[in-house]
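*Asks:* all I have is the shape, not the residue letters:
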């Protein structure tokens, strides 16, 4: 009997958040992230579910920021209940726009540590960030597989070109994991 292939799933939370919003998925806090991951596993053994995101900081008088932070904390609690590892970067404001800092580096480091330590046979990466390509190349060099999961409405050709397997999700596939409200 052969062992099941072991996979670790790495989610770039900010990247996924904006892709879900483009698909008009509003309740991202209640989105079924574990269901999506298990769907992507295709029967393989998931040894780690990992979620990376810049954390929202807000002052006492920042009502909108407080609301966003509370929503993010609710998401973290739901992910922790589903055995996700959460890695946090931070958000930096520049000219009125927020930019995540530290998230891509954490993903790259964890991908490489997982490959070197033999944590997985394949890494499944839900991110379209081409900054991760050098880590992807090293993972392949180490003999591990890496899969890119993107979205059919906006694929990353750079990621597709550098991974072992590319999976572009259709809108109807993603919508299966959308929060439907109380039934």
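*Replies:* Looks like it arrived, so ask away. Since the model is a prediction, treat every value here as computed from it, not as a measurement.
*Asks:* by mean pLDDT, flag the weakest helix or strand of the chain.
*Replies:* strand 97-101 (a mean of 74; mean pLDDT, DSSP states H and E).
*Asks:* sort out which residues of that strand are buried, please.
*Replies:* Residues residue 100 are the ones in strand 97-101 that count as buried (16 or more other C-beta atoms under 10 Å). Yep, even glycine has a C-beta here, placed from its N, CA and C like the rest.
*Asks:* give the pairing partners of it; include direction for each.
*Replies:* Counting by DSSP bridges, the strands paired with strand 97-101 are strand 84-94 (antiparallel).
*Asks:* what mean pLDDT would you report for the strand it pairs with?
*Replies:* Averaging the model's pLDDT scores along strand 84-94 yields 85.
*Asks:* show me which residues of it are buried.
*Replies:* By neighbour count on 16+ other C-beta under 10 Å, the buried set for strand 84-94 is 84, 86-87, 89, 91.
*Asks:* spit out the contact partners of the closest residue to residue 174 other than its chain neighbours.
*Replies:* Nearest non-adjacent residue to residue 174, counting by C-beta to C-beta, 6 or more residues apart in numbering: residue 23, 5.9 Å away. Neighbour list for residue 23: 151, 153, 171, 174-175 [criterion: C-beta atoms under 8 Å, 6 or more residues apart in numbering].
*Asks:* so who does the nearest residue in space to residue 151 that is not next to it in sequence touch?
*Replies:* Leaving out its chain neighbours, the residue that sits closest to residue 151 by C-beta to C-beta, 6+ apart is residue 19, at 5.0 Å. Residues counted as contacts of residue 19 (C-beta under 8 Å, 6+ apart) are 128, 151, 154.
*Asks:* pLDDT at the last one, what is it?
*Replies:* It stands for residue 154. The model's pLDDT for residue 154 equals 90.
*Asks:* my read: it touches residue 18, true?
*Replies:* No: between residue 154 and residue 18 there is no contact under C-beta atoms under 8 Å: 9.6 Å.
*Asks:* what angle do strand 84-94 and the longest helix along the chain make with each other?
*Replies:* Ranked by number of residues, the top helix in the chain under DSSP state H is helix 63-81. Taking axes from the mean of the first three to the mean of the last three C-alpha atoms, to 10 degrees, one finds helix 63-81 and strand 84-94 inclined to each other by 160 degrees.
*Asks:* quick one: contacts of helix 63-81?
*Replies:* With C-beta under 8 Å, 6+ apart as the contact definition, helix 63-81 has outside contacts at 28-30, 33, 49, 51, 53, 55-60, 86.
*Asks:* could you rerun that using 6 Å?
*Replies:* Helix 63-81 is contacted from outside by 29, 51, 56, 58, 86, using C-beta atoms under 6 Å, 6 or more residues apart in numbering.
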